[in-house]
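S.K.: let's see this in three dimensions:
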Amino acid sequence: MNMRLISIILTMVFLSGCQSIPLGIDKLSVPGLTSKTPSVNSFKRDKSAVKIPEWSRVELVEMMDLTTLDELEPEQNDLEVLSGIETISFSPLSSDGREQITAKLDAADYAYRHIPTVVPNDLWFEMRKHFKLDLTVNNSRIQSQYNWYARHQGYMDRVAKRASRYMFYVVEEIKKRGMPAEMALLPIVESAFDPFAYSHGRASGMWQFIPSTGRIYGLNQDWWYDGRRDVTASTDAALDFLESLAKRFDGDWLLALAAYNSGGGTVSKAMRKNREKGLPTDYWSLNLPKETSAYVPKLLALSKIIWNPSEANIKLTSISTEPYFEKVSTQSQIDLAQAAQIADVPLDEIYLLNPGFNQWATSPNGPHYLLVPKGKGELFEKELAKIPSNQRISWQRYTIQSGDSLSTIAVKFNTTQQVIRDVNNLRSSVIVAGKTLLIPSASRKSNDYSLSANQRLAKRQSTNPSASNLDRTTYVVKSGDSLWNISQKYNVNLRSLAKWNGMAPRDLLKMGQTLVIWLPKNSPKLAQINLADSRAVIRKVGYTIRSGDSLNRIANKFNVSVNEINKWNTLTGKYIQPGQYLTLYVDVTRIQ
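M.R.: Sure thing, here's the model as predicted:
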């Protein structure tokens, strides 16, 4: 085999007016060997000539996927191998038609020890080809974020692992639209590519849509399904949103990114104030909220690291250039455990690819599709065709008991009152003891659906935020409660209380909802709670409504909530009549 000629084709993106030329190896060819593709790297441009990059022995090994260079020819040393490099060709990645530049090397004068680390041909490399933002901006805000990422290899590893399921789809959709490929890194800034992420500002999913913006862009949100966490739907919506913002700000992607974070109105207002003062209106000149001032620098810092990871001493976890998943039609509602079984994949994998589904099944109202790992689609559709649509969900017949209400039945079967009404064609919440209801139910134990909304919440609520220094107590929400007044009552931080319970500080509470509160073990408040709990004596009490009574007055009298009274007595309206009989379950040690 002729080892005297190694032909390396490199690609070059010319940045007009910049001090550096990003260069990238598009192909490394060695006769008889399978090659890998190294990363794009930046090199300083000489006004009179292109400076040639320098290769080390180790990196040549990586490029050619060998154990050692001795596999080429045992007798050859480093210099002999390098002397085989005869030609390196450069060509522009962009379509501006610049002619190919060819540089001849003199092997004797070729220094090859300091090239940045070479990585395989993967999705990071593909992304670099479509980078469009100016990464040569020298700004302290960018440098600060760059330094943070450069110090946290573990964080970059975790992000890449999460992104490996979704990144190919994101990059392909961005390429179709001709958008800067740097936008594919935005979910790292927003959520660290966690599709289940939920912020203190009520934003959800890997693109972090707030409820209102999600609805504007067609992302439905209900008990069964939250489109803000749907991988494909949220990605399409996010790119639509970004494109609309870029158009609003005349193609300025930095302003578009700032608006994605803080709102278009906030950015427009900052620009207007600068115009009135005769100041520039570019992103770097605007007085924006603190979070937004760091937001764009985070994306640019990440982009610089992805462009040249070795300069930051970061090793990128490789992501494949092949699709991770494919979309299959379900045609109707289906139990996710059943879907996992017929696709022959773990149930957790179904949830990770379909994080939009909150419960144990897809939504009866759609979308009627699932993402499954690439190569599993044909098997899924074949097996699904064997199952009638009415057998894709398990059903139970439940005989209504005295004292039942739709709310208590819904809690018992982990569903909602509306679902029960819809399935049984009920026009109201009135139910009669002895009648039967058809209830949709999961085919497995609730613990098996470990990534459903309820199980994620249970895991979060059971996780001690401070190892062994705190003890867990629970609080049942009563009428008039808010996260703020509960945090004040127990002397805990509002955001911490929200975080312990998978909520945002501004989220509304529901009466009867159970919250977890973590208190120091020696806290007097915890001692009071434990003492009260130990003395609690719950008894069933009958009460006949008297003239002048109201539900609020009765609730206060027996230290229960109006919602609880409604649950226990199947009350359909807010009015009660004298002589009406109520059943109450009260702590007799706390009756006023």
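S.K.: pLDDT below threshold where in the chain?
M.R.: Regions of the chain meeting the criterion pLDDT under 70 cover residues 1-121, 466-468, 522-539, 572-574, 587-592.
S.K.: quick one, strands of it?
M.R.: Per DSSP state E, the chain carries strands over the ranges 6-12, 20-29, 40-44, 85-92, 101-104, 325-329, 369-373, 394-399, 436-441, 470-476, 514-520, 538-544, 581-587.
S.K.: quick one, what contacts Q417?
M.R.: L406, S407, A410, S429 (C-beta atoms under 8 Å, 6 or more residues apart in numbering). From N, CA and C alone the C-beta is placed, and that goes for glycine too.
S.K.: just the buried ones from those residues?
M.R.: L406, S407, A410, S429 (16 or more other C-beta atoms under 10 Å).
S.K.: inside helices: which ones of the residues you listed?
M.R.: L406, S407, A410 (DSSP state H).
S.K.: would you mind measuring from the last one to I420?
M.R.: Using C-beta to C-beta, to the nearest Å, one obtains 6 Å as the distance from A410 to I420.
S.K.: ok, now the second one?
M.R.: For S407, the distance to I420 (C-beta to C-beta) stands at 10 Å.
S.K.: kindly report the same for the first one.
M.R.: Distance from L406 to I420, counting by C-beta to C-beta: 6 Å.
S.K.: got any residues that touch both of the two?
M.R.: Common neighbours of L406 and I420 (C-beta under 8 Å, 6+ apart) are L426.
S.K.: one step back: from the contacts of Q417, pick the one nearest D134.
M.R.: Taking C-beta to C-beta as the measure, A410 is the one of the contacts of Q417 closest to D134, at 54.7 Å.
S.K.: got a list of what that closest one touches?
M.R.: Counted by C-beta under 8 Å, 6+ apart, A410 has contacts T416, Q417, V419, I420.
S.K.: let's see which of those end up in helices.
M.R.: Q417, V419, I420.
S.K.: can you tell me the closest non-neighbouring residue to the first one?
M.R.: Of all residues beyond its chain neighbours, the one nearest Q417 is L406 (4.3 Å), with distances taken as C-beta to C-beta, 6 or more residues apart in numbering.
S.K.: so how far is L438 from the one you found?
M.R.: L406 is 13 Å from L438, where distance means C-beta to C-beta.
S.K.: and what of E322?
M.R.: 44 Å.
S.K.: before we move on, what about R506?
M.R.: When distance is defined by C-beta to C-beta, R506 is 37 Å away from L438.
S.K.: then S462?
M.R.: 33 Å.
S.K.: before we move on, what about Q396?
M.R.: From Q396 to L438 the distance is 8 Å (C-beta to C-beta).
S.K.: residues contacting the nearest residue to Q143 once chain neighbours are set aside?
M.R.: What sits nearest to Q143 in space, not counting adjacent residues and going by C-beta to C-beta, 6+ apart, is A301, at 7.7 Å. Counting by C-beta under 8 Å, 6+ apart, A301 touches I142, Q143, Q145, Y146, W148, Y149.
S.K.: which of the residues you listed are buried? Put it as a PyMOL command.
M.R.: Applying 16+ other C-beta under 10 Å to the contacts of A301, the buried members can be selected in PyMOL as follows:
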select buried, resi 142+145+146+149
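S.K.: which ones among the contacts of A301 are found in helices?
M.R.: Per DSSP H, these map to helices at I142, Q143, Q145, Y146, W148, Y149.
S.K.: quickly note the distance from the third one to G265.
M.R.: If I follow you right, that is Q145. 25 Å.
S.K.: farthest-apart pair in the buried ones among the contacts of Q417, please.
M.R.: Using C-beta to C-beta, the buried ones among the contacts of Q417 span at most 10.2 Å, a distance reached by A410 and S429.
S.K.: gap between I431 and Q396?
M.R.: I431 is 16 Å from Q396, where distance means C-beta to C-beta.
S.K.: neighbour-wise, which of those two wins?
M.R.: Neighbours of I431 and Q396, each counted by other C-beta atoms under 10 Å, are more numerous for I431; the result is 19 against 11.
S.K.: the more buried one against L571, yeah?
M.R.: No: between I431 and L571 there is no contact under C-beta atoms under 8 Å: 11.9 Å.
S.K.: can you check the distance spanned by stretch 179-189, start to finish?
M.R.: 18 Å (C-alpha to C-alpha, to the nearest Å).
S.K.: rewinding a little: can you pick the most crowded of the contacts of A410?
M.R.: If you rank these by neighbour count (other C-beta under 10 Å), I420 sits at the top with 22 neighbours.
S.K.: gap between that one and T399?
M.R.: I420 sits 14 Å away from T399 when distances are taken as C-beta to C-beta.
S.K.: L519 too?
M.R.: 42 Å.
S.K.: Q396 pairs with what?
M.R.: Using DSSP bridges, the bridge partners assigned to Q396 are I439.
S.K.: shouldn't it be in contact with N414?
M.R.: No: Q396 is beyond contact range of N414, at 11.5 Å (criterion: C-beta under 8 Å).
S.K.: got any residues that touch both of these two?
M.R.: Joint contacts of Q396 and N414 (C-beta under 8 Å, 6+ apart) are S441.
S.K.: mind giving me the domain split of the chain?
M.R.: 6-121, 140-312, 325-391, 463-535, 538-587 (automatic domain parsing).
S.K.: now tabulate those domains in JSON lines and tack on distance to K132.
M.R.: JSON lines is the format used below for those (distance: least, C-beta to C-beta, whole Å):
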{"stretch": "domain 6-121", "distance to K132": "10"}
{"stretch": "domain 140-312", "distance to K132": "4"}
{"stretch": "domain 325-391", "distance to K132": "27"}
{"stretch": "domain 463-535", "distance to K132": "34"}
{"stretch": "domain 538-587", "distance to K132": "54"}
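S.K.: what about L515, how many neighbours?
M.R.: Neighbours of L515 using other C-beta under 10 Å come to 20.
S.K.: identify the residue spatially nearest to it, adjacent ones excluded.
M.R.: Once flanking residues are discounted, L515 sits nearest to Y475: 4.7 Å by C-beta to C-beta, 6+ apart.
S.K.: what's the burial count for the one you found?
M.R.: 17.
S.K.: one more: R427?
M.R.: R427 has 6 nearby residues by other C-beta under 10 Å.
S.K.: give me the number of residues near L457?
M.R.: 15.
S.K.: same question, N365
M.R.: The burial count for N365: 12, using other C-beta under 10 Å.
S.K.: who's in contact with T362?
M.R.: T362 touches W224, Y225, T330, Q333, I334, L336, A339, N354, H368, L370, counting by C-beta under 8 Å, 6+ apart.
S.K.: so what's Q208 closest to, chain neighbours aside?
M.R.: Nearest non-adjacent residue to Q208 (C-beta to C-beta, 6+ apart): E190, at 4.2 Å.
S.K.: pretty sure the one you found is touching S204, no?
M.R.: No: here E190 lies out of contact with S204, judged by C-beta under 8 Å, at a distance of 10.5 Å.
S.K.: which of these two has more residues huddled nearby?
M.R.: Shown here are E190 and S204; by other C-beta under 10 Å, S204 has more neighbours (27 against 23).
S.K.: I'd guessed the more buried one sits against P195; true?
M.R.: No: with contacts defined as C-beta under 8 Å, S204 does not count as touching P195, sitting 9.1 Å away.
S.K.: which residues do these two both contact?
M.R.: Joint contacts of S204 and P195 (C-beta under 8 Å, 6+ apart) are R229.
S.K.: start and end of stretch 310-325, how far apart?
M.R.: 30 Å.
S.K.: could you tell me how far it lies from the centre of the chain?
M.R.: 18 Å (C-alpha atoms, centre = their mean, to the nearest Å).
S.K.: not counting its neighbours along the chain, what's nearest L185?
M.R.: L302 (4.8 Å).
S.K.: and the one you found, how many residues sit next to it?
M.R.: With other C-beta under 10 Å as criterion, L302 counts 20.
S.K.: ok, the one 10 residues further on next?
M.R.: The burial count assigned to A312 is 20, neighbours taken as other C-beta under 10 Å.
S.K.: contact partners for it?
M.R.: Y146, Y149, A150, K304, I305.
S.K.: so which of the residues you listed is the closest to F249?
M.R.: Closest approach between the contacts of A312 and F249, by C-beta to C-beta: K304, at 22.6 Å.
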